[in-house]
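K.L.:
Got a predicted structure plus its sequence, pasted below:
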4 protein chains.
Amino acid sequence: MITARVPVTPRYAETDQMGFVSEASYLPWLEIGRSALLKQHGFDYRQFEAMGYWLPVLEVALTFHHPACYDDELWLVTKMGSRPSFRIRLEYEIWRGDLLLTSAHTIQAFVNRSLRPVKPPPEFLAKLEHVFPRPSRTEI
Amino acid sequence: MITARVPVTPRYAETDQMGFVSEASYLPWLEIGRSALLKQHGFDYRQFEAMGYWLPVLEVALTFHHPACYDDELWLVTKMGSRPSFRIRLEYEIWRGDLLLTSAHTIQAFVNRSLRPVKPPPEFLAKLEHVFPRPSRTEI
Amino acid sequence: MITARVPVTPRYAETDQMGFVSEASYLPWLEIGRSALLKQHGFDYRQFEAMGYWLPVLEVALTFHHPACYDDELWLVTKMGSRPSFRIRLEYEIWRGDLLLTSAHTIQAFVNRSLRPVKPPPEFLAKLEHVFPRPSRTEI
Amino acid sequence: MITARVPVTPRYAETDQMGFVSEASYLPWLEIGRSALLKQHGFDYRQFEAMGYWLPVLEVALTFHHPACYDDELWLVTKMGSRPSFRIRLEYEIWRGDLLLTSAHTIQAFVNRSLRPVKPPPEFLAKLEHVFPRPSRTEI
């Protein structure tokens, strides 16, 4: 498993009239988490795009255990638990101190500019090799 | 089951540099759908708040089958399939013509201003009675 | 002068914890207004992009006279007061009933994909000819 | 004059299909800048709200000199050039390296919960006294 931990501070515009962070404001945060996870392992999302890859989100789910507030000091933890193939699944947790506020996951596809599913770039898989060894032929 | 169908037209700011509507842009749409569903059955979300109720989202999940584009003519279908109690579950579909682009659901809680779970206002349940008859005592 | 009038209903996610529509939520509305103005005169913003034109915003200014609230029935009035050339200037007003809530303007440039300023497409100017006659040579 | 300098990194959801940061994405950044400016001088925006003050934006204007891109390393500089009274005016600049991308200003009002204009809290003015000395009686 690989993990990235980044601070997030809710902006005023991310709250709604209920007085908490709107559920709509969390999705852009998840992208910050996965962007940080990639960078930490030597990969920049801009590189994917420059190489002709896109990573559209196919599925996203969030569970809100406790509300977040404006200007809270939050930590967003992003986890990749398995070797990405045509798809990449990430888990997310948002913490305020030791209180878990939100759990989430996303599934993204590697696609080319025609939106056809493709394998991730070999350079990317190579960088993840030491964490998620390549499956032996019989496993595939 | 009760259903509301509202048009949605993606705004330019709702796209991202991939050229499609960003996954982050869909959550505010779901709120439009549930707001329409309530109004159609004689209830206004502002009324809930005026009566001291809030309906925070506890869970939201979206599955993206096909991307949506700027200025597409979309239809958002919102469905309530069961009588709400402390929680209310809604299903959503986003269509472009006869192509289903997105499926989603949300679970919201009725809470008071102290964020404690409460039953929905009786006026609201009364309006839904003819669709979702009150469970008999033995069912509870 | 040409004018478009479109309804706008603030979404819940467009409010902030002050209980009103966040100032950040107005900019995507202005784009709805100008998109409607163009369509009303036979032009679709997607056409500009298909023809290789972009219309980035160079300047935007908003003055807030009164706050807008969730689910208000607002009218956005968009006005073009002069013939567009390399730049296009639009004025906007947001009304609730006969109360003017917000005044705004934007200046956009016609640019090509290299971000170089270009004249608007002749087809577009032709459609505006009857409103804003072409300046005579001596005026230029 | 007092100044705060904070880093800003555009999120993917803040871009639009033109491939740059949408003009709509800048307004929430300005709030980050003013929030940082206040904190640096010992004041937290949450304190204002806790004390019954709100600071709605009355006016905002942005000029875009160059576009910003996803994941750029930007600096947002926020400046207060004069002693706030019923209103507070701030200037903003967004830089990428030594290229000025955007200039902006906002005017906010101090209001109470009935939206009536009020003087800023004395504690706040006291903290700014050494920068912007209190005007002598004859100046008022």
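P.N.:
Everything's here; your move.
K.L.:
For chain A, what lies in contact range of chain C?
P.N.:
Taking CB under 8 Å from any CB of the partner chain as the measure of proximity, chain A contacts chain C at A:12, A:13, A:15, A:16, A:17, A:18, A:19, A:20, A:22, A:24, A:25, A:70. To be clear about C-beta, it is placed using only N, CA and C from the backbone, and glycine gets the same treatment.
K.L.:
Chain B: which of the residues you listed is nearest?
P.N.:
Using CB to the nearest CB, residue A:24 is the member of the residues of chain A next to chain C that lies nearest chain B, at 3.8 Å.
K.L.:
Next up, phi/psi of the residue nearest the centre of chain A, please.
P.N.:
For chain A, the residue nearest the mean C-alpha position is residue A:34 (3.2 Å; CA atoms, centre = their mean). The phi and psi torsions at residue A:34 (degrees, to the nearest 10) take the values phi -70, psi -30.
K.L.:
Contacts only, for it.
P.N.:
Listed by CB atoms under 8 Å, 6 or more residues apart in numbering or on different chains, the contact set of residue A:34 reads A:45, A:78, A:90, A:106, A:108.
K.L.:
got the contact list for the helix or strand hosting the second one?
P.N.:
Here residue A:78 sits within strand A:74-80, counting by DSSP states H and E. Taking contacts as CB under 8 Å, 6+ apart, the residues outside strand A:74-80 that touch it are A:1-10, A:29-30, A:32-34, A:36-37, A:68, A:88-96, A:101, A:128.
K.L.:
what does stretch A:85-98 give?
P.N.:
A:8, A:26, A:29-30, A:33-34, A:37, A:55, A:58, A:66, A:68, A:72-82, A:100-110, A:117-120.
K.L.:
quick one: low-confidence parts of chain A?
P.N.:
For chain A, the stretches flagged by pLDDT under 70 are A:136-140.
K.L.:
Which positions are bridged to the closest residue to residue A:79 other than its chain neighbours in the beta structure?
P.N.:
Counting by CB to CB, 6 or more residues apart in numbering or on different chains, residue A:79 lies nearest to residue A:91, which is 4.5 Å off, once chain neighbours are set aside. On the basis of DSSP bridges, residue A:91 is bridged to residue A:79, residue A:105.
K.L.:
Enumerate the positions of the strand holding residue A:78 that are buried.
P.N.:
A:74, A:76, A:77, A:78, A:79, A:80 (16 or more other CB atoms under 10 Å in any protein chain shown).
K.L.:
Check those against chain B and report the nearest one.
P.N.:
residue A:76 (14.7 Å).
K.L.:
okay, now the residue nearest to residue A:17 when sequence neighbours are not counted: neighbour count?
P.N.:
In space, and not counting its chain neighbours, residue A:17 is closest to residue C:15: 4.0 Å by CB to CB, 6+ apart. By other CB atoms under 10 Å in any protein chain shown, the residues close to residue C:15 number 24.
K.L.:
Repeat that for the one 4 residues further on.
P.N.:
Burial measure for residue C:19: 16 neighbouring residues, criterion other CB under 10 Å.
K.L.:
Repeat that for residue A:70.
P.N.:
21.
K.L.:
Quick check: the gap between it and chain D.
P.N.:
Counting by CB to the nearest CB, to the nearest Å, the separation of residue A:70 from chain D is 7 Å.
K.L.:
ditto for residue A:129
P.N.:
Counting by CB to the nearest CB - residue A:129 and chain D are separated by 25 Å.
K.L.:
now swap in residue A:8 and tell me
P.N.:
11 Å.
K.L.:
Counting neighbours, what do you get for that residue?
P.N.:
Residues near residue A:8, counting by other CB under 10 Å: 21.
K.L.:
which residues does it bridge with?
P.N.:
Residues in beta-bridge contact with residue A:8 (DSSP bridges): residue A:74.
K.L.:
For it, give me its contacts.
P.N.:
A:29, A:32, A:74, A:75, A:76, A:94.
K.L.:
Ranking by neighbours, what's the top pick from the residues of chain A next to chain C?
P.N.:
Result: residue A:22 is most packed of these (other CB under 10 Å), 27 neighbours.
K.L.:
For stretch A:102-122, list the C-alpha coordinates in CSV.
P.N.:
Taking Å, rounded to 0.1, in the frame of the first residue of the first chain, the C-alpha atoms of stretch A:102-122 are listed here in CSV:
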residue,chain,number,x,y,z
THR,A,102,-15.2,11.4,5.9
SER,A,103,-14.3,8.2,4.0
ALA,A,104,-14.3,7.9,0.3
HIS,A,105,-13.1,6.0,-2.7
THR,A,106,-12.7,6.7,-6.4
ILE,A,107,-12.2,4.4,-9.4
GLN,A,108,-10.6,6.0,-12.4
ALA,A,109,-9.8,4.5,-15.9
PHE,A,110,-6.8,5.1,-18.0
VAL,A,111,-8.1,6.1,-21.4
ASN,A,112,-6.6,7.6,-24.5
ARG,A,113,-7.9,10.8,-26.2
SER,A,114,-10.6,8.7,-27.9
LEU,A,115,-11.8,7.7,-24.4
ARG,A,116,-10.8,4.1,-25.1
PRO,A,117,-9.4,2.2,-22.1
VAL,A,118,-5.7,1.6,-22.2
LYS,A,119,-3.1,0.2,-19.9
PRO,A,120,-1.2,2.6,-17.7
PRO,A,121,2.1,4.0,-19.0
PRO,A,122,4.9,1.4,-18.4
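K.L.:
and it, which residues are buried?
P.N.:
A:102, A:104, A:105, A:106, A:108, A:109, A:110, A:111, A:120, A:121.
K.L.:
go on, stretch A:35-55?
P.N.:
A:35, A:37, A:38, A:43, A:45, A:48, A:49, A:53, A:54, A:55.
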